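J.: 3D, please:
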Amino acid sequence: MSTPVLTAVAWPYANGPRHIGHVSGFGVPSDVFSRYQRMAGNRVLMVSGTDEHGTPITVQADKEGLTSQQTADKYTRQIGNDLQGLGLSYDLFTRTTTGNHADVTQQIFLALHRNGYVVPKTTRGAISPSTGRTLPDRYVEGTCPICGYDGARGDQCDNCGNQLDAAELINPKSRINGETPKFVETEHYFLDLPAFTKTLGDWLSTKTDWRPNVLNFTKNLIDDMRPRPITRDLDWGVKIPLDGWSDQPMKRFYVWFDAVIGYFSASVEWARRSGNPDAWQEWWTNPDARSYYFMGKDNITFHAQIWPALLFGHNGEGDSVLPGAGPGKYGKLHLPDEIVSSEFLTMSGSKFSTSRGRVIYVEDFLRDFGPDTLRYFISVAGPETQDTDFTWDEFVRRTNFELANEWGNLVNRSISMAHKNVGAIPRPEAPAPADEELKALSRKAFDTVGAHLARSRFKQAAGEAMRVVTAANKYLSDQEPWKLKDDPARRDSVLHTALQVVSDANTLLTPFLPHSAQKIHEALGGTGVWAAQPELKEVEDLDIAGRINPILTGDYAAEQAKWESKPIEVGVPLAKPSPLFTKLDPELGETGPEWAPITK
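T.: Numbering: from 1, shown residues only. Next up, the predicted model:
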């Protein structure tokens, strides 16, 4: 039975190009998952976009002498190109500066306000003495007053996990320019997180099958629930839709508040663009739907605590319910079913850092090595459950020995021998037990690999798929069809078996390697779209006249890839194949390309 599956992918900031550490957390895992779910027959809605509000954008704009909107326009297109190049199959990759997003954000806020879950409060806000602008809590750094960690942020201490207030930090400094911030009294709206303590605790207690890193982190979330500000003194962001607030030039929603709402607003925008404005309800108000959120580990708080609290609040389901409280404009919205959080991809034991020159940009990587080698590396050697160091040596090894020698060689020699000896997919005239044993192994892998992919266990899934490839290579070596010139019936049976398993393995690897999967589909005589790719389009904003927005979208219903073993068709002509993967110079493992930092 087909299930509506929402793949909600973390929103990258539009303040610079993306590096491979970014896409190892939110990009590749979410696409591997979504492609599998579509192949398995489920109705997938994969949404995200660029996060374009808040101080990160204004800081970058100042550096480049641009307006905030110009900065967002510049980088959202660059990011869109990177994600398209990787083959990330978004139904809609949009942006937070659309009119649709502003309206949905305001509607969610109004429901929270009416239900009594946001309250005004006078607080001390950090101001940059040199610019007069608000410094968001995450841009203030100092010593944690609880554990003494030197490097705590103004919103949270990563060492002890406690939620903080910037004014509480010892020796606070601006992370932008190092100056000591000035703290002034200002009025803001706060999300009343303590009003969801029991509701969130009960909900989290049911999530026993989440990844260990998420479960371990969420255990501490309920112990220190404090009201959290959702508005800031800033001139760049979504306006607050209340009398006395909407006309204030320096009052906007905090970027974290409108960004998490983006999952829902993008779904609404997708529906509006599809011609059926209510289509989003299949994934958001349908109790049979399933929703999966993909991100790096630094975003767990927002997805396991804050976004669920916003949804509970919108639905009118906090610990105590005011008279008349109930769902907002959009009805009762579906909460996350699973938080799929990855750890960090690091270099030399440290996080990627643009400012320190320790970075490998997606654009550079794709230009030199193509998308599938990076997708494969992230899937089999990425930070799925623990921080993982990227090294060129490991990348070269995986590419040469697993993709080129194992998989690429199996495809090439199987099709080459069939092309040379028959010119088409041969008929199995003389089958043997070894043939059936190998085909049974490949058929069984669909259940095994599929079960792992359904649970976002990408390393195990890829490993099981490659086990079929290894078995097929051993089968060819054992059967030696190149020595069966005097027994063409047996030779053809061996080659038919090998091609059948190549077809099966190609299906198993399609979520990981969609670009090469298309080539193999065609090399086996197939026509049409096997694994659809996203398209980057320029479209008019639905609500802001004259605004043109870049979006990623695609027609994934047209693809032929299905999660099943499909018998190959005898007699289909085969051409001489081209190599799938280019073997890399082993010396690259020592130095990396000229443009990249050394990773040893």
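J.: After the helix or strand hosting Q106, which helix or strand is next?
T.: Element membership of Q106 [criterion: DSSP states H and E] is helix 99-114. Once the chain leaves helix 99-114, the next helix or strand it forms, by DSSP H and E, is strand 118-127.
J.: What are the contacting residues of that following strand?
T.: For strand 118-127, contacts defined as Cβ atoms under 8 Å, 6 or more residues apart in numbering pick out 109, 112, 133-137, 139-140, 154, 165-167, 172, 174, 181-192, 227, 229-230, 232-233, 313. C-beta here means a position set from N, CA and C on the backbone, and glycine is covered the same way.
J.: so of these, which ones are in strands?
T.: 140, 172, 174, 182-191, 229, 232 (DSSP state E).
J.: beta partners of T143?
T.: Per DSSP bridges, the residues bridged to T143 are D150, I170.
J.: Quick check: it touching L169?
T.: Yes: in this structure, T143 is within contact of L169 by Cβ atoms under 8 Å, at 6.5 Å.
J.: okay, those two: which has more neighbours?
T.: L169 (22 against 16; other Cβ atoms under 10 Å).
J.: quick one: that one from R124, how far?
T.: Distance from L169 to R124, counting by Cβ to Cβ, to the nearest Å: 12 Å.
J.: next one: Q60
T.: Distance from Q60 to R124, by Cβ to Cβ: 27 Å.
J.: try H334
T.: 37 Å.
J.: more crowded one of these two?
T.: The residue with more neighbours, out of H334 and R124, is H334; 20 against 14, by other Cβ under 10 Å.
J.: Helix, strand or coil: sort out the residue of the chain most remote from its centre for me.
T.: Going by Cα atoms, centre = their mean, the residue of the chain most distant from its centre is D486, 53.2 Å out. Assigned by DSSP: H, G, I helix; E, B strand; the rest coil, the conformation of D486 is coil.
J.: I306 versus that one, what's the distance?
T.: 71 Å.
J.: picking that back up, can you flag the buried ones in the contacts of strand 118-127?
T.: Burial by neighbour count, 16 or more other Cβ atoms under 10 Å: within those this picks out 109, 112, 133-137, 139-140, 154, 165-166, 172, 174, 181, 183, 186, 188-192, 227, 229-230, 232-233, 313.
J.: where does this structure dip in pLDDT?
T.: 161, 598-600 (pLDDT under 70).
J.: hang on, the earlier thing: for the helix holding Q106, packing partners?
T.: helix 255-274, helix 307-315 (3 or more Cβ pairs under 8 Å, 6 or more residues apart in numbering; DSSP states H and E).
J.: Using JSON lines, lay out the ones you listed together with distance to D298.
T.: Putting the helices and strands packed on helix 99-114 into JSON lines (distance: least, Cβ to Cβ, whole Å) gives the following:
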{"stretch": "helix 255-274", "distance to D298": "12"}
{"stretch": "helix 307-315", "distance to D298": "15"}
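J.: just so I know, which of those lies nearest A498?
T.: Nearest of the helices and strands packed on helix 99-114 to A498, taken as Cβ to Cβ: helix 255-274 at 42.2 Å.
J.: Can you name the residues in contact with the helix or strand following the closest one?
T.: Per DSSP H and E, helix 255-274 leads on to helix 281-284 as the next helix or strand towards the C-terminus. By Cβ under 8 Å, 6+ apart, the surrounding residues in contact with helix 281-284 are 4-6, 43, 45, 264, 267, 289, 291, 330-331, 333-334.
J.: Counting only helices, which of those residues make the cut?
T.: 264, 267 (DSSP state H).
J.: Name only those of the contacts of helix 281-284 that count as buried.
T.: If we count by 16+ other Cβ under 10 Å, the contacts of helix 281-284 have these buried: 4-6, 45, 264, 267, 289, 291, 330, 333-334.
J.: Tell me which two in those residues are the farthest apart.
T.: For these, the farthest-apart pair by Cβ to Cβ is V5 and Y330; their separation is 19.5 Å.
J.: Would you list the phi and psi of L88?
T.: phi -80, psi 120 (degrees, to the nearest 10).
J.: do you know how far the spatially closest residue to it that is not a sequence neighbour is from A531?
T.: Leaving aside its sequence neighbours, L88 sits nearest to D31 (Cβ to Cβ, 6 or more residues apart in numbering; 4.5 Å). When distance is defined by Cβ to Cβ, D31 is 11 Å away from A531.
J.: Can you pull the residues that touch both of those two?
T.: In contact with both D31 and A531: G87, using Cβ under 8 Å, 6+ apart.
J.: related to what we said a few turns ago, just the closest of the ones in strands among the contacts of strand 118-127 to G525, please.
T.: Closest to G525, out of all of these and judged by Cβ to Cβ, is L191, at 57.6 Å.
J.: so who does the spatially closest residue to A259 that is not a sequence neighbour touch?
T.: Using Cβ to Cβ, 6+ apart and skipping residues adjacent in sequence, the residue nearest A259 is D51, 4.7 Å away. When contacts are counted by Cβ under 8 Å, 6+ apart, D51 is found next to 11-14, 96, 255, 259, 262.
J.: right, and T231 touches L191 too?
T.: No: using Cβ under 8 Å as the test, T231 is too far from L191 to be in contact (10.0 Å).
J.: Please enumerate the shared neighbours of those two.
T.: Shared contacts of T231 and L191, counting by Cβ under 8 Å, 6+ apart, come down to F257.
J.: Alpha carbons of stretch 322-331, as PDB, please.
T.: What follows is stretch 322-331, C-alpha atoms only, in PDB (Å, rounded to 0.1, in the frame of the first residue of the first chain):
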ATOM      1  CA  LEU A 322      -7.000  27.700  27.100                       C
ATOM      2  CA  PRO A 323     -10.700  28.000  26.500                       C
ATOM      3  CA  GLY A 324     -11.300  28.300  22.800                       C
ATOM      4  CA  ALA A 325      -7.800  27.000  21.800                       C
ATOM      5  CA  GLY A 326      -7.600  24.800  18.900                       C
ATOM      6  CA  PRO A 327      -5.900  24.200  15.500                       C
ATOM      7  CA  GLY A 328      -5.000  27.200  13.400                       C
ATOM      8  CA  LYS A 329      -5.900  28.000   9.800                       C
ATOM      9  CA  TYR A 330      -4.300  24.800   8.500                       C
ATOM     10  CA  GLY A 331      -5.900  22.300  10.800                       C
END
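J.: which residues are in contact with it?
T.: By Cβ under 8 Å, 6+ apart, stretch 322-331 touches 107-108, 110-112, 114-116, 264, 281, 284-285, 314-316, 333.
J.: Tell me the secondary structure at the most centrally placed residue in the chain.
T.: Central residue of the chain (Cα atoms, centre = their mean): F26, 2.7 Å from the mean position. What three-state DSSP gives for F26 is helix.
J.: ok, which stretches of the stretch 401-550 of the chain are helices?
T.: 409-421, 433-454, 458-479, 488-509, 514-523 (DSSP state H, counting those that start in this stretch).
J.: Of those, give the one that comes closest to S89.
T.: The nearest among these, by Cβ to Cβ, is helix 514-523 at 7.8 Å.
J.: export that closest one as CSV, just CAs?
T.: These are the backbone C-alpha positions of helix 514-523, laid out as CSV (Å, rounded to 0.1, in the frame of the first residue of the first chain):
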residue,chain,number,x,y,z
PRO,A,514,21.4,7.7,-10.0
HIS,A,515,23.6,9.2,-12.7
SER,A,516,25.5,6.1,-13.5
ALA,A,517,22.3,4.0,-13.0
GLN,A,518,20.8,5.9,-16.0
LYS,A,519,23.8,5.0,-18.1
ILE,A,520,23.7,1.3,-17.1
HIS,A,521,19.9,1.2,-17.9
GLU,A,522,20.8,2.5,-21.4
ALA,A,523,23.8,0.2,-21.7
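J.: angle of that helix against helix 409-421?
T.: 20 degrees (axes from the mean of the first three to the mean of the last three Cα atoms, to 10 degrees).
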